[in-house]
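No letters, just coordinates:
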Ligand code: HEC
């Protein structure tokens with residue numbers, strides 16, 4: 001069992017990509033802060049590439065896979081500007 005991380009991860013459907021996210025995205029911020037975002041596959045690709053510049057160790061060849069997963073789970077929001085930050 002992964003323990004307490006499970007609670008925050010509950011909203012994310014089980015998939016191989018979820019393990020990528022837990023491994024490479026949770027080091028710097030919570031899953032909640034990821035769940036608060038949304039975007040197209042292209043948008044997520046840009047964002048993950050930015051995370052690599054910040055220091056995420058996710059291998060580049062796995063970026064398309066994770067971007068597709070996140071775009072599916074967290075699609076673009078109609079009006080992101082109006083959401084509370
Ligand atoms: C090395 C630290 C680090 C890792 C690892 C990391 N991030 Fe980030 N993330 C940041 C920082 C710093 C910010 C705030 C600055 C910014 O938005 O560029 C941020 C902001 C965000 C945001 C909110 C801003 C936005 O674009 O909407 C999202 C969503 C996000 N990260 C997703 C991810 C995902 C998905 C991963 C895994 C691929 C990840 N992060 C891995 C450092 C990291």
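That came in fine, so what should we check first? Everything quoted here is computed from the prediction, not taken from an experiment.

got any ranges where the protein has weak pLDDT?
Low-confidence segments of the chain (pLDDT under 70): 1-10, 79-85.

So which other helices or strands are in contact with the lengthiest helix in the chain?
Counting residues, the longest helix in the chain under DSSP state H turns out to be helix 41-54. Using 3 or more CB pairs under 8 Å, 6 or more residues apart in numbering; DSSP states H and E as the contact criterion, the secondary-structure elements in contact with helix 41-54 are helix 63-73. Backbone N, C-alpha and C define where each C-beta goes, glycine included.

The ligand contacts on this structure?
24-25, 27-29, 34, 37, 47-48, 50-51, 54-56, 58, 66 (CB under 6 Å from any ligand atom).

Recalculate using a threshold of 8 Å.
If contacts are counted using CB under 8 Å from any ligand atom, the residues of the chain sitting beside the ligand are 20-21, 24-29, 33-34, 36-37, 39, 44, 47-48, 50-52, 54-58, 63, 66, 70.

In PyMOL, how would I select just the buried ones from those?
Below is the selection syntax for PyMOL that covers the buried ones among those, with 16 or more other CB atoms under 10 Å defining burial:
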select buried, resi 20+21+24+25+34+39+44+48+51+56+58+63+66+70
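
so how far is stretch 58-66 from its chain's centroid?
11 Å (CA atoms, centre = their mean, to the nearest Å).

Now tell me what touches it from outside.
Stretch 58-66 is contacted from outside by 16-17, 20-21, 23-25, 44-45, 48-49, 51-52, using CB atoms under 8 Å, 6 or more residues apart in numbering.
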